[in-house]
Structures are given as C-alpha cells and as structure tokens.
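> missing the sequence, but the structure's below:
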C-alpha cells in the first residue's frame, strides 16, 4: 500500500491574503503607534514620579512605563528599516552584517522588556487585590519598600531568565543569494559551515527515508519574501528552517542575475541539532511569559470585579440607611449635620473603587492582546514547523501591533479614568495663560473664599502657585493639601 505523507494544512488562504495586504501598512501603522507610545509613556513617567503621586501602585505603573518606553524606542529603527525603507534599499544593505547584529540585539532586548512589563502587570493586579480584599494589611504587605524591591526583582530576574535562551538559540549566519534583474531572490545558499554540515546530514537522512518509502512526498514551503523572518514581540526571531534552498541542482545563468552576500539571524548550531531545545524555547515563551500571567490575571480580575460589586452593594445599603435618617431643623431651616465617620469611609471606598476600575481596564486590555499570543506560541511548540510557517509567521505582524498598542495606550486610560492623574498632568503642562479663561474648581473656590475670611488667603495663594501642589482640583481646604496616593 502506498502512503502519501504531506504537510498538514492548519490555516487557509484567508491568512495568506491578510498577511499579503497588511504587511504594506504594518510599517507605517507601527511607526505611528511607537511615536505616540513614546510620547505617552514619557508623560506617564513625568506625572507618576511627582512627589505628590508617590505610592506603591504608581511606582509599579512607573516601572511599567519605563519598560514600555524602551520597547517603543527600540522598535522604531526596526520597523523603519524592515518595512518602510526595505523596498528602496539594495539587498546587501537590507541584510548587511551590521543590521544582522541589530537584529540579534532585537531578538533579545524587547522580548526581555516585554516580559518585565507583563510580570509588572501581574504584580499590579496582586497589589490591587490585596488593597481591596485585605485593606488592613495593605501597608504591611505592599509598602513602598516592598514594592521597589519587587520591581527591581522583576527587572533582574526577567533579564537573567529570558536573555540566555534567546541568545543561545540564534546566531548570525552568512548566505549567498542569487537575484534576478528585478532584485527578487532566486536562490539562497548558506555559507556558514555549521548550516552546510547540518543540511548535508539532513539530505542523507531524507535519502535514507525516501529509499525505504519511495512514494513519500516531502512538502517543502517556499521562502519568505524579505528573508528576515524577524518579529520580536511575537518571537519569530529566525529564518524558518525549511526556507533554505540549497545549490544541489545546476541552473543556467540568466542575463541580469547577480550574486550578493547577506547575513541573517538563523538557528544556532546548538538549536539546529536539538529540536527539543527549539520546542522548549516556544514553550517557555508561551507558558512562562504568556499563559501563566494570563491565567493569573484572569483569576485576579474576576476577584477584583467581585470585590467591586460587593463594595457597590455595601454603599447602597449605607445610602439607604442615610436616607432614612432625620435631618434637624433649626429656625425653620434644614441644617446638615457633621459628616459621619461612615460617610467618610464610604467616600474613601469610592476612591479605591475608581482606582480599581482603572487598573481593571489595564488588566483586561493586557489579556486581550497577550492571551492569543500565548495560545499561538503553544500551538507552534506542539504542531511544529508547519504551523509556524503557515500560521504563526503570517500573523506575527498582527501580534506585534497588538503588543505595541497594549504598551502605548495606558496614558489614555489614566487620563480618562483618574481624576488625580488628569489634575497633576494639567498642573504640569497646562499653559498659565489658560488659568484666566478656565473656571476654578469648587475646591479652589472654597479654599480661597474660606481663607480670605480667616486670615488664610495668603497661605492658600502661596500653595496654589507652589510647584509641588497636586493641582487646583485637589487643592486647598483651610490651607491643607490633599495628597494623592493612587492614580
């Protein structure tokens, strides 16, 4: 009986069509996202490091912004060279040795920083869960010193864990490419000796297998268009193993053809001879960096949502009790009594809930962008090179842009959901000439009015113009400022 073995088909032509059309826009789209993300993360760092904004939560958000900012800055030259300028550059400049060295750096640096931001997001969720569920122990467990140690640990551990295996599984390899008159690659022959030796071993193995089963067909995918195959945030860091074309057949020289020497990031000799190491790379990427944090964030997000609903129910009960209380009447006028302690606690709970809702938005956005990447990486480790070439490579640009958006959008979330962040940002960056046109907040009006009647007006005005004031919307009540503890 004849057995016809061929590569399985995991993705249809729709993925190919999407990749073909989207790759022309990815460079410009990602460049815009990176520029805006660089500005946004810089503003996040400036605002969150203000003295009035210092808190454990804001320290984690600052560490997150630093990692995201570094990812944005590093991705800009990559997308400009590989997507925007690649069509206008000669092949030998597209894949020069200096660019291969940058790609080697690109294969490690942003992945490490993205891993740091992922685990800082998990830390943020844990800290917020403790603040909501165990408020009595929050200062002990999540103090500023503990938070700074945790942030430093995340940076150090991620560098030590992620960098070695990413560095060891890749190497800069030398190739000889034959180009036609239009500059399109016809053949790509490896010149690095370890690849030549590996291909010779593979040819011998395939000849033995084909001699025992002569009717077996071995499907070999065609090479990629740009030949680089590098997409860091989604871990397509090397040229796929099956994209090489050896010079085993004789071809006729055609007018206009020329040979160029190029350099590409390829599997190292260690990775070529150890398929388990290559699979372990994707397992570490998908499980340790993606899936475990996603599962942890899912559980914590559900618990935080439950805590928010419980707090809402508690406030509703307190509001009903407050509505049933009788207000005293003096001289025919209703006199509002002094605010009870329970109402003050209720207001503090509302502020905590606002912060929790904002951080939940950050966590959910993270899950939407990171969970699919973890699933794709796991499937790649389980299904092998066929899935890698047919599906993973074709969706790598999409996964990259999702990761970049996730790293750049936090500024919008902070501004839209945090009054303290907006106020501090306005204090730092709003032009002074706008003060005469924009109305004062109620807190400012009360502070200034009350101060003038009690000899506190001068002190209140000094606090308003002081550069370390939180903002006009947070400002002065009888000369005392309100310190911001959370975003």
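Done, it's in. Note that the structure is predicted; figures quoted are calculated from it, not measured.

> poorly predicted segments of the stretch 301-450 of the chain, please.
Low-confidence regions of the stretch 301-450 of the chain, defined by pLDDT under 70, span residues 319, 321-355, 433-450.

> for it, which segments count as helices?
Assigned by DSSP state H, counting those that start in this stretch, the stretch 301-450 of the chain shows helices spanning 341-383, 385-387, 393-408, 410-417, 419-429, 442-453.

> quick one: the helices in the stretch 51-200 of the chain?
Using DSSP H, counting those that start in this stretch, helices in the stretch 51-200 of the chain cover 56-79, 91-94, 97-106, 109-133, 138-141, 144-168, 193-212.

> which stretch in those helices has the least confidence?
Note on the helices of the stretch 51-200 of the chain: helix 193-212 shows the lowest mean pLDDT, a mean of 70.

> residue 33: what's it in contact with?
Contact partners of residue 33, counting by C-beta atoms under 8 Å, 6 or more residues apart in numbering, are 401, 404, 405, 408. (Each C-beta comes from the backbone N, C-alpha and C, glycine too.)

> related to what we said a few turns ago, with distance to residue 25 and mean neighbour count added, can I get the helices of the stretch 51-200 of the chain in JSON lines?
Shown next, in JSON lines, are the helices of the stretch 51-200 of the chain (distance: least, C-beta to C-beta, whole Å; neighbours: other C-beta atoms under 10 Å):
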{"stretch": "helix 56-79", "distance to residue 25": "11", "mean neighbour count": "23"}
{"stretch": "helix 91-94", "distance to residue 25": "19", "mean neighbour count": "17"}
{"stretch": "helix 97-106", "distance to residue 25": "21", "mean neighbour count": "17"}
{"stretch": "helix 109-133", "distance to residue 25": "21", "mean neighbour count": "22"}
{"stretch": "helix 138-141", "distance to residue 25": "46", "mean neighbour count": "13"}
{"stretch": "helix 144-168", "distance to residue 25": "28", "mean neighbour count": "15"}
{"stretch": "helix 193-212", "distance to residue 25": "34", "mean neighbour count": "13"}
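
> reformat those helices as JSON lines; add distance to residue 187.
Converted to JSON lines, the helices of the stretch 51-200 of the chain look like this (distance: least, C-beta to C-beta, whole Å):
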{"stretch": "helix 56-79", "distance to residue 187": "27"}
{"stretch": "helix 91-94", "distance to residue 187": "13"}
{"stretch": "helix 97-106", "distance to residue 187": "19"}
{"stretch": "helix 109-133", "distance to residue 187": "32"}
{"stretch": "helix 138-141", "distance to residue 187": "62"}
{"stretch": "helix 144-168", "distance to residue 187": "29"}
{"stretch": "helix 193-212", "distance to residue 187": "14"}
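
> isn't residue 308 right next to residue 356, touching?
Yes - here residue 308 reaches residue 356: they are 6.0 Å apart, a contact under C-beta atoms under 8 Å.

> shared neighbours, these two?
What both residue 308 and residue 356 touch, as defined by C-beta under 8 Å, 6+ apart, is the set residue 132.

> so for the two, which sits in the more crowded spot?
residue 356 (20 against 16; other C-beta atoms under 10 Å).

> pretty sure the more buried one is touching residue 304, no?
Yes - between residue 356 and residue 304 a contact is recorded at 5.9 Å, counting by C-beta under 8 Å.

> okay, and the common contacts of those two?
In contact with both residue 356 and residue 304: 128, 132, using C-beta under 8 Å, 6+ apart.

> picking that back up, and of the helices of the stretch 301-450 of the chain, who's closest to residue 110?
helix 393-408 (9.0 Å; C-beta to C-beta).

> tilt between the closest one and helix 56-79?
Inter-element angle recorded for helix 393-408 and helix 56-79: 140 degrees (by axes from the mean of the first three to the mean of the last three C-alpha atoms, to 10 degrees).

> how about the backbone phi and psi for the closest residue to residue 61 other than its chain neighbours?
By the measure of C-beta to C-beta, 6 or more residues apart in numbering, the closest residue to residue 61 outside its immediate chain neighbours is residue 48, 5.5 Å from it. Backbone torsions of residue 48, given as degrees, to the nearest 10, read phi -70, psi -20.

> I'd guessed residue 48 sits against residue 63; true?
No - contact status for residue 48 versus residue 63: not in contact, 9.7 Å apart, counting by C-beta under 8 Å.

> any idea of the mean pLDDT for the host helix or strand of residue 36?
Assigned by DSSP states H and E, residue 36 falls within helix 13-48. On average, the pLDDT along helix 13-48 is 92.

> what residues sit buried inside that helix?
15, 19, 26-27, 29-31, 33-34, 36-38, 40-41, 43-45, 47-48 (16 or more other C-beta atoms under 10 Å).

> same question for stretch 168-186.
Neighbour counts over stretch 168-186 (16+ other C-beta under 10 Å) mark 169, 170, 171, 173, 174, 175, 177, 178, 179, 185 as buried.

> start and end of that stretch, how far apart?
From its first residue to its last, stretch 168-186 covers 30 Å (C-alpha to C-alpha, to the nearest Å).

> try stretch 80-91
OK, stretch 80-91 end separation, C-alpha to C-alpha: 16 Å.

> please identify the most buried of the helices of the stretch 301-450 of the chain.
Highest mean neighbour count of those: helix 393-408, a mean of 22 (counted as mean count of other C-beta atoms under 10 Å).

> okay, angle between it and helix 13-48 too, please.
Relative orientation of helix 393-408 and helix 13-48, computed by the same axes, to 10 degrees: 20 degrees.

> show me what helix 393-408 is packed up against.
helix 13-48, helix 56-79, helix 109-133, helix 341-383 (3 or more C-beta pairs under 8 Å, 6 or more residues apart in numbering; DSSP states H and E).
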